[in-house]
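[1] here's a sequence, model it:
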Amino acid sequence: MAWITVTALRSFRAEAQARQQAAFEENIQLALWRMDSFLADLLAQEGSHLYFYYTTFYKAESAYTRMFEEIKQGEILIPSPLLTQVSPYILLHFQFDPHGNLSSPQIPAGNMRDLAEARYTTSEKIDKAAERLKEFCTKITRDALLAALVRPGPQPVSSTDIRITAQADGASSLQRQRIANEWQARYQNVQQATSSTTRHNIPVQPSSNLRLDAIRPVWAGGALVLARQVSINGENYIQGSWLNWTALKSSLLAGVKDLLQEADLQMAENEQPVKPSRMLAALPVKLVPGSMEPQKIRLTTPVFLSLGIAWVCVMLSALAAVLLLKGTVSLGERRGAFVSAVTHELRSPLTTFRLYTEMLAEGMIQDEEKRQSYLKTLCAEADRLSRLVENVLSYARLEQGSATNRIETVTLQELLNNAGSRLAERAEKTNMKLLVEGEESDLSVAVRTDTSAVEQILFNLVENACKYAASASDRSIHLQVSCEKKFALLRVRDHGPGISKSDARHLFHPFRKPGGASSRSAQGVGLGLALSRSLACQLGGNLRLDKSVRDGACFALSLPLA
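    Modelled structure (predicted):
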């Protein structure tokens with residue numbers, strides 16, 4: 001059973017871990033889709049800028065008055081939309097001319113600055129853009145940016161890369177193929193967004209001397225930029241925007257917080273996405289998903305319920321075996337105690353019978369007084385032997401469940417009248433006196449019971465009082481009658497040494513006698529109280545020790561009222 005449990009738990013944990021890992025991978029792919037979708041819009045927006053937007057003011061190709069008269073070319077200047085564009089993810093728009101000079105449409109110079117400050121922007125914004133341009137110069141040069149643009153960008157993953165990565169990670173080819181398909185779908189989505197905007201931002205009548213590349217995200221000098229190459233009449237320009245990576249990263253991670261609690265984004269400069277399950281398709285950035293949440297195992301799962309039920313059955317079986325073994329041992333001990341006790345109790349009266357009858361038969365006793373004394377002794381031993389046999393047979397019938405009760409309705413007065421003479425006679429044999437105490441109203445109450453069984457119970461209680469209270473100064477035995485709710489109480493009390501707490505725990509066990517000097521000298525096999533309680537319970541009542549009595553022992557017999 002232990003091996004089955006361990007094997008089942010291992011299989012369950014492995015399956016649960018596989019499900020959790022699969023759900024974790026699904027969250028990663030969904031997070032990558034969210035971030036790439038957001039970035040695709042940003043790339044499409046930046047890639048849609050016309051090439052002449054990267055100068056602060058550009059000349060209108062044609063313009064007309066209200067009278068539809070054409071204004072001469074060169075007389076109309078239009079501000080670049082980038083001059084006033086505000087985005088939390090764009091720090092600066094820039095342009096490198098063919099000679100390596102760096103400029104920004106957000107930083108007008110000369111008279112253009114006066115015009116920009118008067119109509120379109122503020123001096124503070126221009127100064128701030130100028131500070132960023134200085135910082136940008138320290139990070140990136142035209143040659144470094146050109147080298148980054150010349151390098152090939154991320155490409156769709158080949159089947160060879162899939163096979164190599166699957167072998168390295170221990171993943172199946174099918175799983176790797178699915179992840180690669182996810183990457184290619186995201187990659188095509190981004191490429192479609194950027195390529196479509198590149199086509200749309202070329203003038204309606206394009207010049208044969210104009211070539212405009214798609215915008216690309218690259219890392220250069222530790223800065224993340226969106227840049228493209230523009231060729232005009234054979235002169236090459238580099239245009240683009242400097243991204244605010246800190247703000248962009250925070251926004252991207254906030255968008256997937258519900259999927260990945262501990263996610264992070266890291267620069268992946270010049271990194272080919274051989275492992276596409278962690279790469280963004282829109283930016284050269286890799287996702288660090290963090291650790292999975294600790295596996296939560298619910299005890300209400302079918303595996304745990306099945307194992308729990310199986311273990312409960314095993315434990316119940318073991319408990320049943322233990323109880324059966326204990327019962328067998330207890331039965332053996334009880335049989336041994338029974339044989340020992342009965343053998344001991346039978347040997348004494350039988351020895352007396354044999355000795356006295358031989359003496360009387362051979363005429364050895366000539367004195368008539370002694371003959372009468374011997375005959376009385378033989379009668380007493382006969383009574384003793386009769387009571388012993390009666391108790392043993394009654395207990396045997398109770399153990400076998402074959403005891404029969406003759407239930408009848410009788411008043412307590414009638415019950416005591418039938419048993420009183422026998423009880424009083426037993427008390428007188430030990431020079432003790434039986435006192436019946438009770439109100440007439442209580443004695444007139446009727447009960448439904450077996451009178452012979454009640455008489456046997458009371459006789460056992462009186463006999464015990466005669467045995468164990470024989471040395472008491474007060475040699476009276478009280479038989480008290482009272483009524484409580486649905487039961488009549490018959491209390492038998494003596495003034496002997498009483499019963500200790502240790503003896504009280506085993507008082508009603510068969511073949512157990514209380515300790516003390518009086519117990520060791522008392523006759524009997526220890527069946528009286530066990531038999532009496534069993535009979536009382538069979539009659540619908542009970543027999544208990546009244547622990548409130550300190551002077552002597554008191555037993556209370558309860559019988560159901562009629």
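
[2] going forward, measure contacts between C-alpha atoms and count neighbours the same way
    Fine.

[3] what is the burial count for Leu305?
    12 (other Cα atoms under 10 Å).

[4] what helix or strand is it on?
    helix 302-361 (DSSP states H and E).

[5] ok, Gly234 touching Leu212?
    No - applying Cα atoms under 8 Å as the test, Gly234 and Leu212 come out as separate, 11.8 Å apart.

[6] those two: who's more crowded?
    Set Gly234 next to Leu212 and count neighbours by other Cα under 10 Å: Leu212 wins out with 18 against 11.

[7] okay, and the beta partners of that one?
    Beta-bridge pairing for Leu212 (DSSP bridges): Val230.

[8] do the same with the one 5 residues further on
    Using DSSP bridges, the bridge partners assigned to Pro217 are Leu226.

[9] buried set for stretch 418-437?
    Ala419, Gly420, Leu423, Ala424, Arg426, Ala427, Met432, Lys433, Leu434, Val436 (16 or more other Cα atoms under 10 Å).

[10] need the distance between the two termini of it.
    16 Å (Cα to Cα, to the nearest Å).

[11] cool, stretch 99-117 as well?
    Distance across stretch 99-117, first residue to last, is 28 Å (Cα to Cα).

[12] list the buried residues for that stretch?
    Leu102, Ser103, Ser104, Pro105, Gln106, Ile107, Pro108, Arg113, Ala116, Glu117.

[13] repeat that for stretch 118-132.
    Thr121, Ile126, Ala129, Ala130.

[14] pick out the lowest-pLDDT one from those.
    Among the buried residues of stretch 118-132, Thr121 carries the lowest pLDDT, at 87.

[15] that one sits in which helix or strand?
    In this structure, Thr121 is located outside every helix and strand according to DSSP H and E.

[16] so who does it touch?
    Neighbouring residues of Thr121 by Cα atoms under 8 Å, 6 or more residues apart in numbering: Leu83, Thr84.

[17] phi, psi of it?
    Here is the backbone geometry of Thr121 (degrees, to the nearest 10): phi -150, psi -170.

[18] from Leu115, how far off is it?
    Shown here: Thr121 relative to Leu115, a distance of 9 Å by Cα to Cα.

[19] again, but for Gln191
    For Gln191, the distance to Leu115 (Cα to Cα) stands at 38 Å.

[20] ramachandran angles for Ala22?
    Torsion angles, degrees, to the nearest 10, at Ala22: phi -60, psi -40.

[21] count of residues packed around it?
    Neighbour number of Ala22 under other Cα under 10 Å is 12.

[22] okay, and the nearest residue to Phe52 once chain neighbours are set aside sits in which element?
    Spatial nearest neighbour of Phe52, excluding adjacent residues (Cα to Cα, 6 or more residues apart in numbering): Tyr58 at 6.6 Å. Using DSSP H and E, Tyr58 falls within strand 57-59.

[23] next: Leu416.
    Secondary structure from DSSP H and E places Leu416 in helix 412-428.

[24] show me how this protein divides into domains.
    Domain segmentation of the chain under automatic domain parsing yields 26-288, 298-403, 405-562.

[25] as a markdown table, these with distance to Ala2 would be great.
    What follows is the domains of the chain, written out as a markdown table (distance: least, Cα to Cα, whole Å):
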| stretch | distance to Ala2 |
| --- | --- |
| domain 26-288 | 31 |
| domain 298-403 | 9 |
| domain 405-562 | 40 |
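
[26] ok, which of these comes nearest Arg13?
    domain 298-403 (10.5 Å; Cα to Cα).

[27] for Leu39, see how far away the residue nearest to Glu455 when sequence neighbours are not counted is.
    Spatial nearest neighbour of Glu455, excluding adjacent residues (Cα to Cα, 6+ apart): Ala419 at 5.7 Å. Ala419 sits 106 Å away from Leu39, going by Cα to Cα.

[28] show me the contacts for Met35.
    If a contact means Cα under 8 Å, 6+ apart, then Met35 has Leu252, Gly255, Val256, Leu280 as its contacts.

[29] how close does the second one get to Lys286?
    Between Gly255 and Lys286 the computed distance is 16 Å (Cα to Cα).

[30] between these two, who's got more neighbours?
    Remark: of Gly255 and Lys286, Lys286 carries more neighbours, 22 against 15, as counted by other Cα under 10 Å.

[31] measure that one to Glu46 for me?
    22 Å.

[32] what of Ser123?
    When distance is defined by Cα to Cα, Ser123 is 25 Å away from Glu46.

[33] and Ser421, by the same measure?
    From Ser421 across to Glu46, the span is 121 Å (Cα to Cα).

[34] ok, now Thr449?
    Distance of Thr449 to Glu46, given as Cα to Cα: 105 Å.

[35] neighbour count: those two, which is higher?
    Thr449 (25 against 21).

[36] nearest residue to Trp242 in space, ignoring adjacent ones along the chain?
    Val225 (4.5 Å).

[37] let me know the pLDDT of the one you found.
    Predicted confidence (pLDDT) for Val225: 92.
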